[in-house]
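Peer 1: Structure, please.
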Amino acid sequence: MTNGAYVNIANGTTVTLTPQSSGSYQGVLFYQDRTMVNPTESNFAGGSNMNLTGSLCFPNSRLAIDNGNRTSTMVLVVSRLNIEGGATINAATSVSQTGISPGPAGAAILIE
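Peer 2: Residues are numbered from 1 along each chain as shown. The predicted structure follows:
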């Protein structure tokens, strides 16, 4: 995503998105251009139910996941992350979902 692009999925939406299974962007669902200056926040909210089985890469912007949202993903690369209002994030469970080998069950890893 470039030229000011951002993601806004909300208001009770049910969404299933999967990334490419091969090639340079294997396992990457959203990739925001890291050269964007002051990009708009991306938002997954409003009770939406999302099955996002790829990595979410927003290196220079905030990602908000809130208001009862349920999200399944493997990797989050964000400048800032806001999780609130009953939101849940579940780890994807297989290489076929993301192109990335999952860690131990229930493990979360923070890389700064």
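
Peer 1: I'd like the next helix or strand past the strand or helix carrying Val15.
Peer 2: Using DSSP states H and E, Val15 sits in strand 14-17. Per DSSP H and E, the first helix or strand lying C-terminal to strand 14-17 is strand 28-31.

Peer 1: Please list the residues outside the helix or strand just after that next one that contact it.
Peer 2: Downstream of strand 28-31, the first helix or strand assigned by DSSP H and E is strand 42-44. Residues outside strand 42-44 that contact it (CB atoms under 8 Å, 6 or more residues apart in numbering) are 6-10, 30, 32, 50, 58, 61-66, 69, 71. Using the backbone N, CA and C atoms, a C-beta is placed for each residue, glycine as well.

Peer 1: Run through the helices of the chain in chain order.
Peer 2: For the chain, the helices defined by DSSP state H cover 95-98.

Peer 1: Would you point out which residue is most central in it?
Peer 2: Leu56 (3.4 Å; CA atoms, centre = their mean).

Peer 1: quick one, what contacts that residue?
Peer 2: Neighbours of Leu56 in contact, by CB under 8 Å, 6+ apart: Leu29, Phe30, Leu63, Thr73, Val75, Leu76, Val77, Val78.
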